[in-house]
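Asker: with the input below, show me the fold.
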Amino acid sequence: MLCVRTAFRHVHCSSKNLQTLRVSRHFTAYYWSDTETEPESRMFKAVKNFFSPEIETPEYSIIEQNEEYELREYTSSKWVSSQVESMTYSKAGSTMFWRLFKYIQGNNVKEQKIAMTAPVTMHVKPGAGPACENTFTMSFFVPKEYHDDPAKPKAEEVFLTEFPKRQVYVRSFSGFSNEEKWLSEAQKLAESLGDKDDFHKDFFYTAGYDSPFKLFNRRNEIWFIVKDQDKLSHDSDDSEHQR
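Answerer: Next comes the predicted model:
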C-alpha cells in the first residue's frame, strides 16, 4: 500500500524566488519568478503558457483497448528525471518539478532552452510500511530532436533516463487529481486487469498532460509496466530509477 498522508496542498519552499498560486482546492501552481513581488498578471501568463497546445508527446501504438484500459507499446525514448524520498506525493512533486523546469530553461551544460513536453510522469515506489518514505521519480520527456545528444544536466539531482521500447497498461481519467485520486484510479486499473500477472505490482506511474490552468477535458493516466520491458539505463547507473 502506498504511504501517503495528504492531498495536493499549498507547499512552502525555502527558496525566496519560488512563488505559488492556488488554482483549485486540489492543485497549487508553482512558478519561478525573478522577484518576490512579481505582478499576478505576469505570473498567470508564465504558468498558463508553460504547456503549448502543440506539445510533443512520446510515440506509441495501441495493442488492446476497452472501456477500462489500453495496452500500449511505446517506442524507445529519452527523459530527464529527478528523484526524492518523501512521505507525500505533493511535496516530492513540487521539489522535482522545479529541478526539471530549471533544466529545460537552460540549467544544462549546453545552456539550451528546451520546449515543455507531456506527460509529466511520476514513478511511485511505495515504502516498506505505513510510516515509510516512498521513492518518487519525476520525469519530463526529452523532445525527439534532442534524442541523439541530449544536454547533460548541471544539477547533481537531475539525470537523463532512457526508456526502451515497452508495453504499458494505461487507465485514463479526467479532472484535477490528487494523491487519493491517483490511488483510487490505480486500484481500478488493477481490478480491471483481473488475474493478469504480467505487470509489475511493486511500483506504478502517474502521468499528467495539462497545464494547471486548463479546467476542462483534462487528461490524467495511471501506468502499469509490463514485466521484462522496463530496464532503464542512466548515465552512470543501470538500476531502475536509482541515483
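
Asker: secondary structure element for the closest residue to residue 146 other than its chain neighbours?
Answerer: Distances taken as CB to CB, 6 or more residues apart in numbering place residue 114 nearest to residue 146, at 6.8 Å, with adjacent residues excluded. Where you see a C-beta, it was placed from the backbone N, CA and C, and this is true even at glycine. Element membership for residue 114, per DSSP states H and E: none, as it lies in no helix or strand.

Asker: got a list of what residue 114 touches?
Answerer: 103, 104, 108, 142, 143, 146, 151 (CB atoms under 8 Å, 6 or more residues apart in numbering).

Asker: low-confidence stretches in the protein?
Answerer: When the per-residue scores of the chain are filtered using pLDDT under 70, the ranges that remain are 1-53, 229-243.

Asker: the helices in it, which residues?
Answerer: With DSSP state H, the ranges of helices along the chain come out as 40-48, 89-104, 179-192.

Asker: among the ones you listed, which is the most enclosed?
Answerer: Ranked by average neighbour count under the criterion mean count of other CB atoms under 10 Å, these are headed by helix 89-104 at a mean of 21.

Asker: quick one: that helix to helix 179-192, angle?
Answerer: Using axes from the mean of the first three to the mean of the last three CA atoms, to 10 degrees, the inter-axis angle of helix 89-104 relative to helix 179-192 is 100 degrees.

Asker: from residue 127, how far out is the closest residue to residue 117 other than its chain neighbours?
Answerer: Taking CB to CB, 6+ apart as the measure, residue 117 lies nearest to residue 141, with 4.1 Å between them; neighbours along the chain are not counted. Taking CB to CB, to the nearest Å as the measure, residue 141 falls 27 Å from residue 127.

Asker: tell me which of those two has more neighbours.
Answerer: With neighbours defined as other CB atoms under 10 Å, residue 141 and residue 127 compare such that residue 141 has more, 20 against 16.

Asker: mark which of the contacts of residue 114 are buried, thanks.
Answerer: Buried subset of the contacts of residue 114 (neighbour count, 16 or more other CB atoms under 10 Å): 103, 104, 108, 142, 143, 151.

Asker: so the fifth one touches residue 115, yeah?
Answerer: Same thing as residue 143. Yes. Residue 143 is in contact with residue 115 according to CB atoms under 8 Å; the separation is 5.8 Å.

Asker: find residues that contact each of the two.
Answerer: Counting by CB under 8 Å, 6+ apart, the residues touching both residue 143 and residue 115 are residue 56.

Asker: remind me, longest strand of this structure?
Answerer: Using DSSP state E, we find that the single longest strand of the chain is strand 77-86.

Asker: what lines up beside that one in the sheet?
Answerer: Using DSSP bridges, the neighbouring strands of strand 77-86 in the sheet come out as strand 134-141 (antiparallel), strand 158-163 (antiparallel).

Asker: just put those in JSON lines and tack on distance to residue 58.
Answerer: Putting the strands paired with strand 77-86 into JSON lines (distance: least, CB to CB, whole Å) gives the following:
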{"stretch": "strand 134-141", "distance to residue 58": "5"}
{"stretch": "strand 158-163", "distance to residue 58": "8"}
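
Asker: nothing else from me, thank you.
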